[in-house]
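Novice: With the input below, show me the fold.
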Amino acid sequence: MGAANKVPGISGGVVAFVAGFYEEFIYSLQKINKKAFKLLIGGRFKSLYRYTNGQFLSLLILGMIISYFSISKILDYLILHYEVYVWSAFFGMIIGSTYFIAKDFGDWNRKYAAYLLCGLIAGVGISFLEPAKENSNLIFVFFCGIISVSGMTLPGLSGSFILILLGNYVLLLVDSVNALFDTIANIFQLDFSWIYDPERIELLKVLVVFSLGSLVGLVSLSHLLAYVLKRFKKATYAVIIGFIAGSLGVVWPWKDEKYVLDALGEIQHDANGREIITGYTRYFPEHFGTETILAIVFMIVGVAIVLSLDWYDNYKKSQHV
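Specialist: Below you'll find the predicted structure:
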C-alpha cells in the first residue's frame, strides 16, 4: 500500500481491496475515536491496543513506511528508465482489480448501474483535469494531507494523482520525504549542520503539517466510509468499481507531457529547476514494434499479478475444505 500510494494513478485502497482486508482496515480505523482517546489518556495501553485492532494497524503502517522508503525508490527508478512498461503493468493491474472486485458483486440492476456510471464519469473526469501550481502554504499543505489519504480509503481514487492536480506532488512526496531521509542520515553521521539550513527546515515543517493532515483525513474519512459501507454497501462498491475503471486514463502507458512554454517556445522550469508539466496528451501507438509488444506483455503480467491473489485465495479455501 505504501508503494502504491506514492504512484500517481494507483490507489493503495485497491491493494487493500484485492488483498481482502479493505473492510477490516476501514473498521479498524473507525475504532480511533473518543473511547480510544479515553483509553490513551487513562494509560490503558493494552486495552487500547486490543480495541483499535492494534496488531493489524501497526503491522500495516510499518509495512507501508518500509515500502515507502524502499520499494517506492525502486519504482521511482523504474518509472524514470522504463516508464512505458511500468505504466503498462499498472494499467493491467487496474484492469485485474476491476474484475476482482466486480466478480463477487452479485446481481446488477439499473440503480447499481447508475452508481457505476457515476463512479466511472468521476474517475474519467478527474484523470483529465489539469494540474495546478506548487503551493507551500502550510494551511494548503494540511488540506493536501487530508485529500491525499483518499487513495488509502477510496479504492480507485489515487491520492498521489490528486496531489499532482493540486500542484504539490513533488513538494510533498519527493522533496519533503527526501529532506527527512537526508536528515535521518545526517543524524546518524552526527552531522547537525542541517539545523542552519532554512530550506531543509521549511521542508521538514511542510512534511510534519502534511502528515498531521493525512492523519486527520485518514480517521475522518474512515468513519464516513464505515457508515456508508454499513448502510449502502453494494451502492458504494458500484461507485468504487466505476472509479477504478475510470482511473485507467491516468495510467495509460502512451502519453506525452505538456509543458508550460515561454514567449520563445522554451520549456519553463520551477524554482527547483524542474520542467513544469501542465498535463498529458494520450495517444495510441502507431506501430507494433518491440516496445509496444513488451508493453502489452506487461499489461498481461499486471492482470496476472492481481488475479494470482484470487487464485491463491481460492487455493487456500480448497485446502481447508
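Novice: and the longest helix along the chain, what does it pack onto?
Specialist: The longest helix of the chain (DSSP state H) is helix 198-231. Here helix 198-231 touches helix 22-30, helix 138-148, helix 150-153, helix 176-188, helix 233-246, going by 3 or more C-beta pairs under 8 Å, 6 or more residues apart in numbering; DSSP states H and E. All C-beta atoms are positioned from the backbone trio N, CA, C, and that covers glycine.
Novice: Generate CSV for those, with distance to N5 and mean pLDDT as supplementary columns.
Specialist: Below are the helices and strands packed on helix 198-231 laid out as CSV (distance: least, C-beta to C-beta, whole Å; pLDDT from 0 to 100):
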stretch, distance to N5, mean pLDDT
helix 22-30, 13, 81
helix 138-148, 8, 88
helix 150-153, 5, 70
helix 176-188, 12, 87
helix 233-246, 15, 83
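Novice: most tightly surrounded among the ones you listed?
Specialist: Most buried of the helices and strands packed on helix 198-231 by mean neighbour count (mean count of other C-beta atoms under 10 Å) is helix 150-153; its value is a mean of 26.
Novice: returning to that earlier point: would you convert the helices and strands packed on helix 198-231 into TSV that also reports distance to L80?
Specialist: As requested, these are exported to TSV (distance: least, C-beta to C-beta, whole Å):
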stretch	distance to L80
helix 22-30	31
helix 138-148	22
helix 150-153	22
helix 176-188	15
helix 233-246	26
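Novice: among those, which is nearest V124?
Specialist: Of all these, helix 233-246 sits nearest to V124, with 4.3 Å by C-beta to C-beta.
Novice: ok so, going back, right, and the helices and strands packed on helix 198-231 - which one's nearest L166?
Specialist: The stretch from those with the least distance to L166 (C-beta to C-beta) is helix 138-148; that distance is 5.7 Å.
Novice: For the closest one, list the C-alpha coordinates in PDB.
Specialist: The C-alpha coordinates for helix 138-148 follow below in PDB (Å, rounded to 0.1, in the frame of the first residue of the first chain):
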ATOM      1  CA  LEU A 138       1.000  25.300   5.500                       C
ATOM      2  CA  ILE A 139      -2.800  25.600   5.600                       C
ATOM      3  CA  PHE A 140      -3.000  24.400   2.000                       C
ATOM      4  CA  VAL A 141      -0.400  21.700   2.800                       C
ATOM      5  CA  PHE A 142      -2.700  20.500   5.700                       C
ATOM      6  CA  PHE A 143      -5.600  20.300   3.300                       C
ATOM      7  CA  CYS A 144      -3.400  18.300   0.800                       C
ATOM      8  CA  GLY A 145      -2.700  15.900   3.600                       C
ATOM      9  CA  ILE A 146      -6.400  15.300   4.200                       C
ATOM     10  CA  ILE A 147      -7.100  14.800   0.500                       C
ATOM     11  CA  SER A 148      -4.000  12.600  -0.100                       C
END
